[in-house]
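S.K.: no sequence on this one, just coordinates:
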């Protein structure tokens with residue numbers, strides 16, 4: 001009886017773990033900023049992915065007066081030229097939001113460019129679209 005309960009509990013924990021998929025998250029320090037980037041699909045998918053960027057300054061306050069762009073690209077491959085896209089973000093509350101449309105599966109290079117007071121800081125990361 002106890003063994004069946006343990007097996008049942010283990011199976012339920014595994015199902016709960018699969019059902020609860022966390023956002024794709026990247027946290028990086030860029031210059032004087034702490035930047036947290038989230039993509040609503042984990043892993044990112046071919047098609048539309050919502051990206052959210054939170055920026056905090058050295059004192060831990062949210063930065064809401066920056067201009068934030070998202071650039072994403074895939075290098076050239078045999079028989080296919082490189083793909084380069086960019087999108088502006090829109091500030092909602094203290095989060096900068098945009099939509100990335102990844103045109104194919106594979107490794108994408110993503111650069112979040114933060115411009116504030118005439119100075120641009122870039123956060124780069126890779127995302128594998130499925």
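M.R.: Cool, the structure landed. In this text the structure is predicted, and so the values were computed from the model without any measurement.
S.K.: in this structure, which spans are strands?
M.R.: For the chain, the strands defined by DSSP state E cover 24-30, 33-39, 47-56, 67-74, 83-88, 90-92, 95-102, 106-116, 119-129.
S.K.: How about the second one, which residues are buried there?
M.R.: Right, strand 33-39. By neighbour count with 16 or more other Cβ atoms under 10 Å, strand 33-39 contains the buried residues 33, 35, 37-39. In short, each C-beta sits where N, CA and C put it, glycine included.
S.K.: Return the residues in contact with residue 103.
M.R.: Listed by Cβ atoms under 8 Å, 6 or more residues apart in numbering, the contact partners of residue 103 are 46, 83.
S.K.: Pretty sure residue 42 sits against residue 23.
M.R.: Yes: counting by Cβ atoms under 8 Å, residue 42 does reach residue 23; the two are 5.8 Å apart.
S.K.: burial of residue 77, as a residue count?
M.R.: 11 (other Cβ atoms under 10 Å).
S.K.: gap between it and residue 45?
M.R.: 20 Å (Cβ to Cβ, to the nearest Å).
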